[in-house]
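1. Pasting the sequence and the predicted coordinates here, then a few questions.
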Amino acid sequence: MDMSKIKRILIVRTDRIGDVALSTPTITATRRAFPDAYVACLVSEATRDIVQGNPYVNEVIVFSKKETLRLSSYLRAKRFDIALILHSTTRINILCFLAGIPRRVGYARHKMDFLLTDKLAYTKGMGKEHESEYSLDVLRCLGIEAESSPLVMPLSITDENVVKRLLLENGIKEGERFAMIHPGASHVSKMWGLENFAKVSDILSERFSLKIVLVSSAAQAEIGERVRDLMKHRPVFLCGKTPLKVLAALLKRSSLFISNDSGPVHIACAVGANVISIFSRNEKGLSPARWGPLAERAIVLHKDVGCVECLAHNCKKGFLCLNSITVEEVVEKAAELLKA
């Protein structure tokens, strides 16, 4: 296909928050390569806000497994020339085929690979690149010189004002410094001790006069409650109360964000927050080399304890990788970021 004939592009990434955030440089690179093209993004409902308002995107389309046939008809009517499938799945490959998109580019990783017209070898598990680079490689396989760029998380004045009011309602004045703590993660093998988060929070409150804001998804609000109950100083409790745009606007105003390896880390990087990401797994494809935060003011705390394969919740070492990271180390890194 002549690249000059590509006028309508569908970028597909229907997995989780961090994955979509790390794919935003591919959106930027696509717009640079095709400045006049119509660019749409197909994402899940949970991640819509990451791309909604992106200046390089003409349309955001929400993916629903229950409406595959209806969605294929909608996409067919859009007459896309190419689909850039950043995370291929059986259902997505079928969807793009049924939508009649003539060129379908993605990673070969399952039995429906034959529905792709352009296939990249699935080597992500080797962890030789960062996830953001793996996404850019989908463009590069077309002969496009796609360069890395900062993550993007668009915010509106309305988003900023909502957070300004939210902070005032919770006793944090304009200009007052606060740290955000995110103790949740997608898996227990990625979660630092809750008592450690509580201790770090209290030290930050006492030593640096920071207000502490606890955040989490609604599904993990109980984890935040347990951290709150372990703290000496009562935090601002916003667990389950921060949709993505609100979370991003809060992170932009924060002095520091401390989190396990999780999606919100990449949202924090996109808005320029000071970030400490606590990493556990060292297995190729799971380590910070592939999933670490991408920002100048981001620090990864990670201990290699000799594991070749991560057994996740079946860990035989009592999560030694996580337990080797001390409260003192986190506080020391926090001090570095706060001074900078």
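-> Looks like it came in fine.
2. Am I right that residue 322 is in contact with residue 194?
-> No - between residue 322 and residue 194 no contact is recorded; they are 11.5 Å apart, counting by Cβ atoms under 8 Å. (Glycine included, C-beta is placed from N, CA and C.)
3. Of those two, give the one with the bigger neighbour count.
-> Counted by other Cβ atoms under 10 Å, residue 322 and residue 194 do not tie: residue 322 has more neighbours, with 25 against 18.
4. Now the phi/psi pair for the more buried one, please.
-> Phi and psi for residue 322, reported as degrees, to the nearest 10, are phi -80, psi -40.
5. any idea how far residue 275 is from it?
-> Here the criterion is Cβ to Cβ, to the nearest Å. By it, residue 322 lies 18 Å from residue 275.
6. Name the SS class of the residue nearest to residue 130 when sequence neighbours are not counted, please.
-> Once flanking residues are discounted, residue 130 sits nearest to residue 290: 5.8 Å by Cβ to Cβ, 6 or more residues apart in numbering. Three-state call for residue 290 (DSSP: H, G, I helix; E, B strand; the rest coil): helix.
7. So residue 290 sits against residue 126, correct?
-> No - judged on Cβ under 8 Å, residue 290 makes no contact with residue 126 at a distance of 9.1 Å.
8. what about these two, which has more around it?
-> residue 290 (21 against 10).
9. how about the more buried one, what does it touch?
-> 124, 127, 129, 130, 131, 134 (Cβ atoms under 8 Å, 6 or more residues apart in numbering).
10. Quickly list what residue 11 is bridged to.
-> Following DSSP bridges, residue 11 is listed with bridge partners residue 41, residue 84.
11. Give me the packing partners of the lowest-mean-pLDDT helix or strand in the chain, helices and strands only.
-> Each helix and strand of the chain was given a mean pLDDT (mean pLDDT, DSSP states H and E); the minimum falls on helix 320-323 at a mean of 88. For helix 320-323, not one helix or strand is in contact under the criterion 3 or more Cβ pairs under 8 Å, 6 or more residues apart in numbering; DSSP states H and E.
12. Name the residues of that helix that are buried.
-> Of all the residues in helix 320-323, those buried under the rule 16 or more other Cβ atoms under 10 Å are 321, 322.
13. Which parts of the helix or strand just after that helix count as buried, going by neighbours?
-> Using DSSP states H and E, the helix or strand that directly follows helix 320-323 along the chain is helix 327-339. The neighbour-count check on helix 327-339 (16+ other Cβ under 10 Å) flags 327, 330, 331, 333, 334, 337, 338 as buried.
14. Kindly indicate which of those lies nearest residue 190.
-> Ranked by distance to residue 190 (Cβ to Cβ), the buried residues of helix 327-339 are led by residue 330 at 15.5 Å.
15. and the closest residue to residue 126 other than its chain neighbours, what is it in contact with?
-> Nearest in space to residue 126, with sequence neighbours left out and distances taken as Cβ to Cβ, 6+ apart, is residue 284 at 5.5 Å. By Cβ under 8 Å, 6+ apart, the contact list for residue 284 reads 125, 126, 127.
16. Now do the same for the first one: its pLDDT.
-> This points to residue 125. Looking at residue 125, its pLDDT reads 89.
17. Touching, it and residue 287? I think so.
-> No - counting by Cβ under 8 Å, residue 287 is not a contact partner of residue 125; they are 11.4 Å apart.
18. Looking at these two now, which is surrounded by more residues?
-> residue 287 (19 against 12).
19. list the contacts for the closest residue to residue 189 other than its chain neighbours?
-> Nearest non-adjacent residue to residue 189, counting by Cβ to Cβ, 6+ apart: residue 312, 4.3 Å away. Going by Cβ under 8 Å, 6+ apart, residue 312 touches 187, 188, 189.
20. Nearest to residue 221, out of those residues: which one, please.
-> The closest of the contacts of residue 312, once distances to residue 221 are taken by Cβ to Cβ, is residue 188, at 16.5 Å.
21. Can you tell me how far that closest one is from residue 199?
-> Distance from residue 188 to residue 199, by Cβ to Cβ: 20 Å.
22. Please compare the two by neighbour count and tell me which comes out ahead.
-> residue 199 (20 against 12).
23. Go ahead and confirm the more buried one touches residue 327.
-> Yes - counting by Cβ under 8 Å, residue 327 is a contact partner of residue 199 at 4.8 Å.
24. Stretch 55-70: which residues count as buried?
-> Buried residues in stretch 55-70 (16+ other Cβ under 10 Å): 56, 57, 60, 61, 62, 63.
25. what about residue 84, neighbour count?
-> Using other Cβ under 10 Å, residue 84 is surrounded by 27 other residues.
26. Now do the end-to-end distance for stretch 185-202.
-> 21 Å (Cα to Cα, to the nearest Å).
27. Distance from it to the middle of the chain?
-> Averaging C-alpha positions (Cα atoms, centre = their mean, to the nearest Å) puts stretch 185-202 19 Å from its chain's average.
28. For it, give me every contacting residue.
-> Against stretch 185-202 from outside (Cβ under 8 Å, 6+ apart): 16, 179, 181, 183-184, 212, 214, 223, 226-228, 230-233, 235, 258, 260-262, 278-281, 310, 312-313, 315, 319, 322-323, 325, 327, 330-331, 334.
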